[in-house]
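[1] give me the fold of what follows.
(2 chains)
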Amino acid sequence: MLRTLTLIGYLAEIERRKADLSVDESPGAVEALRNKGKWRTAAKRAILQRAKARARLAGVRAVRSYT
Amino acid sequence: MTLPATYLQALERLSLAFGTYESETGSPPILVGGAAAAIRTGGQFMSADLDVVAENEGAFSRALASAGFVAEPRTGKTELAYYHPKFPAYAVDRVSGAYFDGRGDRARLLRLVVRDYAAIVIPAVEDLIADRLGQYARTGNADGSRLLQAQALLKLAKRIDGPYLRRRIGEEGGDPARIGY
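    Alright, predicted model coming up:
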């Protein structure tokens, strides 16, 4: 039997830990964590580019990613 | 920073597919990679792709279709991505092969119930840290984002099984000393 939690409860616990630990979530810190894309496969790049294009077409916000 | 509402809604749809797949095959798909790390860090960084280990491709395809996902047009033999029309900014990408090539301990997986009895399943934090450090090593220690991701995961982990973590980092080709282990 796998350990089971609710997603909402788990995310709330993570948020509490981030607050307790004063985790830096400034734009610069978040950007540093983002995969810079240089080592992505061509297939993965294509998948991310298509997701961006779909988002643009639908008028919704695309997830920032380097392709 | 938290996970966007649309991301959580997409996960909810994905959880329905996970349930269908598990009913058919007896074992759950596993959300891995950046998406699992995004959940384990509460959205500290985000990824548009939802990488899933599901060994039975046909069953996974059927499960996704039953939850409203559609396959992208195939442009090559290995193109296996799907998306949900209501959440076009995200893509589901099936990862071929066994869970961490058979080296990850499936008993350590975490099941996260999204709604009612539908759930997603993610790796143990030790496996995710090892995966990030392995990828960091494979870039010749040039992609610092992977090391920072491993450090972020470690920082937020409530408990760490040190021996298991060290073993898994070694198996993934990483260096435990990079995170003080």
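
[2] and after the helix or strand that contains residue B:62, which helix or strand comes next?
    Using DSSP states H and E, residue B:62 sits within helix B:57-66. Towards the C-terminus, the helix or strand next in line after helix B:57-66, according to DSSP H and E, is strand B:70-71.

[3] that following strand close to chain A?
    No. Judged by CB under 8 Å from any CB of the partner chain, strand B:70-71 stays clear of chain A, getting no closer than 10.9 Å. (C-beta placed from N, C-alpha, C; glycine too.)

[4] low pLDDT regions in chain B?
    Within chain B, the stretches with pLDDT under 70 are B:1, B:74-80.

[5] in it, which spans are helices?
    Along chain B, counting by DSSP state H, helices occupy B:5-25, B:33-40, B:57-66, B:125-138, B:144-156, B:162-171.

[6] helices or strands next to the longest strand along chain B in the packing?
    For chain B, the strand with the greatest residue count under DSSP state E is strand B:87-95. Helices and strands touching strand B:87-95, as assessed by 3 or more CB pairs under 8 Å, 6 or more residues apart in numbering or on different chains; DSSP states H and E, comprise helix A:42-58, helix B:5-25, strand B:49-53, helix B:57-66, strand B:81-84.

[7] which one of those lies closest to residue B:127?
    strand B:49-53 (11.1 Å; CB to CB).

[8] name the strands paired with that closest one and say parallel or antiparallel.
    strand B:30-32 (antiparallel), strand B:87-95 (parallel) (DSSP bridges).

[9] of all these, which one is nearest residue A:30?
    Closest among the strands paired with strand B:49-53, once you apply CB to CB, is strand B:87-95, at 17.3 Å.
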